[in-house]
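**Student:** Generate a structure from the sequence data that follows.
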Amino acid sequence: MLNISSQPNQLPDHLRKFQKDPNEVMPGTHRNFRRGLLIVFVIFLIFCFMPWIQNVQAEGKVTTLLPQDRPQQINTLIDAQLVSWRVREGQHVQRGDTLAELAEINPDFLDPQVVERTAAQADAKENSAEFYLNKSFALAELASNLRDQMAFTLRQVDGKEQQTLAKINTQEAAIENARQQLIIAERQLARTDSLYQTGNKSRADVEEKRRKQQSEFAKLTYEQNKMIDLQNELNIVRLGRDEKVSDFRTKINKAESDRFSALSDYQAALSSQQKLEVQTEGLTRRSSFYHIIAPQSGIVSEILFRGLGETVESGDALLTIVPDQAAMAIEMFVKPVDLPLMRLGQEVRLEFDGWPAIVFSGWPGASLGIFSGLVVGIDNTTNSKGEYRIMVAPREDQPWPDAIRPGGGARGIAMLDTVPLWYEIWRQLNGFPPEFYQGEEEEDTANETTEEASLEPTSVR
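**Tutor:** Numbers count the residues shown, from 1 in each chain. Okay, here's the model as predicted:
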């Protein structure tokens with residue numbers, strides 16, 4: 001209630017001790033507190049206007065940039081029995097060193113001379129193929145000789161045919177001569193007989209002309225019969241020619257058929273020889289699988305099969321080798337909302353597990369124990385957690401610690417735009433995305449930085 005009385009306000013005696021003296025000043029503790037709050041507020045205001053580098057943070061792990069530099073399992077290529085180990089876990093091996101020794105268990109390859117015997121079979125097949133090839137050559141030569149003989153025989157037959165045709169032509173002239181002589185003899189007989197009827201010729205003259213006419217008729221018949229014999233001879237020559245051609249063709253076809261059969265046997269023997277040679281080469285290479293060889297230099301990290309005499313199957317992993325002198329890289333996993341902010345050649349600050357560091361994500365210059373890298377690969381698909389993988393490689397001018405190993409943890413901070421601190425706080429409170437604007441000059445700088453990286457950046461598929 002209001003105190004409107006002119007009388008001074010009087011407090012009870014038991015409350016008067018709590019009343020403040022109006023002439024008393026503020027205690028020193030209160031003044032220092034207020035001064036401290038004012039200083040903190042001023043410092044806060046100053047900090048709010050300081051530049052802050054926006055960033056995208058993501059967890060990751062240490063890996064290798066090249067696939068062959070990652071830990072690899074050494075597998076067996078055949079079913080075998082483990083005979084002996086030549087290495088131990090933690091041992092450093094060179095490329096080509098023997099890691100383990102195996103023994104054959106397949107019954108088809110237990111013969112110690114299986115390679116030599118298979119090679120001998122291949123040689124036998126090679127000789128057989130050569131015999132068949134020579135046989136085909138001989139049959140081809142035989143067919144060629146038969147063709148030559150047939151051509152020679154046909155030339156003889158043609159010559160005989162031409163000779164017979166010449167005789168036929170001669171005989172035709174002889175027949176024509178005999179026919180003319182017969183006609184003359186018949187005319188003479190008729191004229192003599194007419195004179196005999198008139199009494200100018202004797203009967204003896206008529207008989208003489210009749211004998212001559214009969215003689216000429218006999219000559220014409222003889223010549224005609226001879227023509228028939230020559231025609232029969234010509235037909236026999238021509239039939240003999242066809243018979244000889246058919247006989248030679250039969251022999252030539254048989255020789256060609258035998259030659260093709262020999263060639264077929266040659267191809268079959270050659271195919272068998274090649275199969276045996278392939279089998280011999282496979283057996284020779286199989287013998288090299290009895291010794292497990294280190295494909296590259298590294299450290300034996302884990303031996304999966306322990307006891308001697310264990311049976312291993314084709315494709316079983318025997319041990320694991322971690323290659324040395326690997327090109328290290330970091331695989332970071334970012335959320336899809338942050339993927340558009342990432343680009344090839346972008347700088348990423350890194351903090352490794354087990355490596356002491358003091359990190360100010362917005363002030364990388366004030367951080368200690370962090371390292372720099374460049375983005376060299378961006379996956380196009382997400383993993384099972386719906387995150388994109390980013391590959392980061394070291395810079396040539398800022399090497400990473402030698403103590404890091406594949407599998408170790410890391411945290412990456414990708415640098416973005418520079419904004420005032422108050423804006424970053426306001427953005428974080430409102431959930432707005434970071435500022436990411438890149439001009440042409442910055443793009444050229446980023447491209448130059450990418451080209452100067454130790455490894456050429458490529459998109460990881």
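**Student:** what comes up buried for stretch 178-186?
**Tutor:** Within stretch 178-186, the residues that count as buried by 16 or more other C-beta atoms under 10 Å are A178, R179, Q181, L182, A185, E186. (Glycine included, C-beta is placed from N, CA and C.)
**Student:** Tell me the one of these nearest L341?
**Tutor:** Nearest to L341 out of the buried residues of stretch 178-186 is R179 (C-beta to C-beta; 126.2 Å).
**Student:** returning to what we had before: now, the buried residues of stretch 178-186 that are in helices?
**Tutor:** Counting by DSSP state H, the part of the buried residues of stretch 178-186 found in helices is A178, R179, Q181, L182, A185, E186.
**Student:** Chain neighbours aside, what residue packs nearest to the second one?
**Tutor:** By that I understand R179. Of all residues not flanking R179 in the chain, L220 sits nearest, at 5.6 Å (C-beta to C-beta, 6 or more residues apart in numbering).
**Student:** Please state the offset of the helix or strand hosting Y266 from the chain centre?
**Tutor:** Assessed by DSSP states H and E, Y266 sits inside helix 203-288. Put simply, helix 203-288 sits 57 Å off its chain's centre (C-alpha atoms, centre = their mean, to the nearest Å).
**Student:** Can you give me the distance of G345 to K61?
**Tutor:** 22 Å (C-beta to C-beta, to the nearest Å).
**Student:** and the two? which has more neighbours close in?
**Tutor:** G345 (18 against 14; other C-beta atoms under 10 Å).
**Student:** Give me the contacts around stretch 161-176.
**Tutor:** Stretch 161-176 is contacted from outside by L220, E223, Q224, K226, M227, L230, Q231, E233, L234, V237, R238, R241, using C-beta atoms under 8 Å, 6 or more residues apart in numbering.
**Student:** Which one of these sits in the busiest neighbourhood?
**Tutor:** Going by other C-beta under 10 Å, L220 tops those with 21 neighbours.
**Student:** Where does the prediction get shaky in this protein?
**Tutor:** Applying pLDDT under 70 to the chain picks out residues 1-31, 47-55, 354-369, 415-428, 430-461.
**Student:** tell me the residue furthest from the middle of it?
**Tutor:** Centroid-distance maximum for the chain: G199 at 123.7 Å, with C-alpha atoms, centre = their mean.
**Student:** Test my guess that G377 contacts Y388.
**Tutor:** No: applying C-beta atoms under 8 Å as the test, G377 and Y388 come out as separate, 10.7 Å apart.
**Student:** Which parts of the chain are helices?
**Tutor:** 28-48, 114-198, 203-288, 421-430, 440-451.
**Student:** Turn these into TSV, including distance to F352.
**Tutor:** Formatted as TSV, those follow (distance: least, C-beta to C-beta, whole Å):
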stretch	distance to F352
helix 28-48	29
helix 114-198	53
helix 203-288	42
helix 421-430	26
helix 440-451	22
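**Student:** Of all the ones you listed, which one is nearest R349?
**Tutor:** Of the helices of the chain, nearest to R349 by C-beta to C-beta is helix 440-451, at 14.4 Å.
**Student:** The helix holding Y266 - contacts with which helices or strands?
**Tutor:** helix 114-198 (3 or more C-beta pairs under 8 Å, 6 or more residues apart in numbering; DSSP states H and E).
**Student:** Done for today, thanks.
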